[in-house]
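S.K.: Next comes the sequence, and after it the predicted model I'd like to discuss.
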Amino acid sequence: MPSINKVVTQCAAALVVCTLALPVLAQEPSAQGGVIKSQVSLVNLFATVRDKNKRIVPTLKQEDFRISEDNQDQKIAFFSREVALPITLAMLLDTSGSEQDMLASIQDAGSQFIARIIRKGDEALVMSFDANVDLLSDFTDERSQLERAIHKTRINVPDQGARVGNPGPIGSRQITGTALYDAIYLACGEKLATEAGRKAIVIVTDAQDEGSKVKLEEAVEAAQRTDTVIHILLVADPRYGGNPGVAHKLAEETGGRMISVRSEKKLMEAFDEISQELRSQYTLGYYPTNSTHDGKFRRVKVETAEKDLKVLTRKGYYAPKG
């Protein structure tokens, strides 16, 4: 069984070569009338638009959007309102002691979410994290398998020692704590990095991290490099508290949502909102005016002509390198 250090190191190597852009070959005429070949990258963005009452707006057109990269306006080259594009989903469930009172509700609501969201062409996996990061079900479109995996989750009680569980290829760790950042990093690097299309992580957690090998910034970067949106359902026991700042950063930087959950009813509603979010996205693509392959992070901003509308999309991407 590989150690967490080895797996994280392998993920880091893999993520270095990942890029959010799709290289294509563009041709531009030279001053002498010949042809100069240069590599330009099509940047794809998935965006959800809501009005001031937080209702999703599904009827916008290409001309309603504006995109800028590092404060430079960009020309939209591709636009679609396609809602049937397949989704690759990773569900991450916090099984540390602070979630003990809500686990049964999380299992029920999570199972119903999977039953509604997974359609033909979609696939999902289930992971749990506490002191360990455990893969409970690998990618599949079998809803019954995913629901069984969700119901296999068990709370790790610290005084009983760290649980080995069913680690699969992700690996496990023998320390106390809550490995939220490691779980995100591993889900992106080990699982989502090789997937294409729309990718999302849905996490049910209080966003308290204790003992991860990677930092918050590294978890965010792993999601950005693999073009993965993170949605967080913040479920916090008042006795332990939560970390909404961390949850907000993970969601905000990757184009996802953070929803605070304070009751079982709100948990189901939150899953419904995320389901709607995943099925109500616009696809926007552009060829960046900055074609330098320097591997640097580029800040992207998407706006609409109507100022009262809020666009939810990732905040940037890493340019190709070399």
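M.R.: Looks like it arrived, so ask away.
S.K.: what's the burial count for the spatially closest residue to residue 310 that is not a sequence neighbour?
M.R.: Leaving aside its sequence neighbours, residue 310 sits nearest to residue 50 (CB to CB, 6 or more residues apart in numbering; 5.3 Å). (Each C-beta comes from the backbone N, C-alpha and C, glycine too.) Neighbour count for residue 50, taken as other CB atoms under 10 Å: 17.
S.K.: please begin residue numbering at 29 from this point
M.R.: With 29 as the first residue, the last one maps to residue 78.
S.K.: partners of residue 78 in the sheet?
M.R.: Judged by DSSP bridges, the bridge partners of residue 78 are residue 84, residue 338.
S.K.: Show the contacting residues for it.
M.R.: Contacts for residue 78 (CB atoms under 8 Å, 6 or more residues apart in numbering) come out as 84-85, 337-338, 340.
S.K.: Closest one of these to residue 103?
M.R.: residue 337 (20.8 Å; CB to CB).
S.K.: And the closest one, how close does it get to residue 344?
M.R.: 21 Å (CB to CB, to the nearest Å).
S.K.: rewinding a little: local confidence estimate at the residue nearest to residue 338?
M.R.: Predicted confidence (pLDDT) for residue 78: 95.
S.K.: Let me see the ranges of the strands in the stretch 79-228 of the chain.
M.R.: Taking DSSP state E, counting those that start in this stretch to define them, one finds strands in the stretch 79-228 of the chain at 93-97, 100-102, 104-108, 115-122, 151-157, 161-168, 226-233.
S.K.: Can you name the residues bridging to residue 152?
M.R.: residue 117, residue 168.
S.K.: before we move on, what about the one 5 residues further on?
M.R.: In this structure, residue 157 has beta-bridge partners residue 122, residue 161, where bridges are defined by DSSP bridges.
S.K.: Just list the residues touching it, thanks.
M.R.: 120-124, 206-208, 210-211.
S.K.: Check the gap between it and residue 284 for me.
M.R.: From residue 157 to residue 284 the distance is 18 Å (CB to CB).
S.K.: again with residue 348
M.R.: 24 Å.
S.K.: For the two, indicate the residue with more neighbours.
M.R.: residue 284 (27 against 19).
S.K.: How is the more buried one classified with respect to secondary structure?
M.R.: coil (DSSP: H, G, I helix; E, B strand; the rest coil).
S.K.: pretty sure residue 149 is touching residue 224, no?
M.R.: No: with contact defined as CB atoms under 8 Å, residue 149 does not reach residue 224; the gap is 11.9 Å.
S.K.: list the contacts for the closest residue to residue 150 other than its chain neighbours?
M.R.: Distances taken as CB to CB, 6+ apart put residue 115 closest to residue 150, at 4.8 Å, once the chain neighbours are dropped. Residues near residue 115 by CB under 8 Å, 6+ apart: 145, 150, 225-228, 306.
S.K.: quick one: contacts for the nearest residue to residue 271 once chain neighbours are set aside?
M.R.: In this structure, residue 271 finds its nearest non-sequential neighbour in residue 235, 4.1 Å apart by CB to CB, 6+ apart. Applying CB under 8 Å, 6+ apart to residue 235 gives the contacts 208, 260, 262, 264, 270-272, 274-275, 278.
S.K.: Make a PyMOL selection of whichever of those residues turn out to be buried.
M.R.: Burial among the contacts of residue 235 is assessed by 16 or more other CB atoms under 10 Å; the matching PyMOL selection reads:
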select buried, resi 208+260+262+264+270+271+274+275+278
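S.K.: In helices only, show me the contacts of residue 235.
M.R.: 208, 272, 274-275, 278 (DSSP state H).
S.K.: Closest one to residue 319 out of these, please.
M.R.: Among the ones in helices among the contacts of residue 235, and counting by CB to CB, the member closest to residue 319 is residue 278, at 30.0 Å.
S.K.: Number of residues surrounding the residue nearest to the closest one when sequence neighbours are not counted?
M.R.: Distance criterion CB to CB, 6+ apart; nearest residue to residue 278, sequence neighbours excluded, is residue 258 at 4.9 Å. With neighbours defined by other CB under 10 Å, the count for residue 258 comes to 29.
S.K.: picking up where we left off before, could I get the contacts of residue 78 as CSV with pLDDT, distance to residue 311 and neighbour count?
M.R.: Shown next, in CSV, are those (pLDDT from 0 to 100; distance: CB to CB, whole Å; neighbours: other CB atoms under 10 Å):
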residue, pLDDT, distance to residue 311, neighbour count
84, 94, 15, 15
85, 95, 15, 18
337, 96, 17, 15
338, 95, 18, 14
340, 94, 14, 19
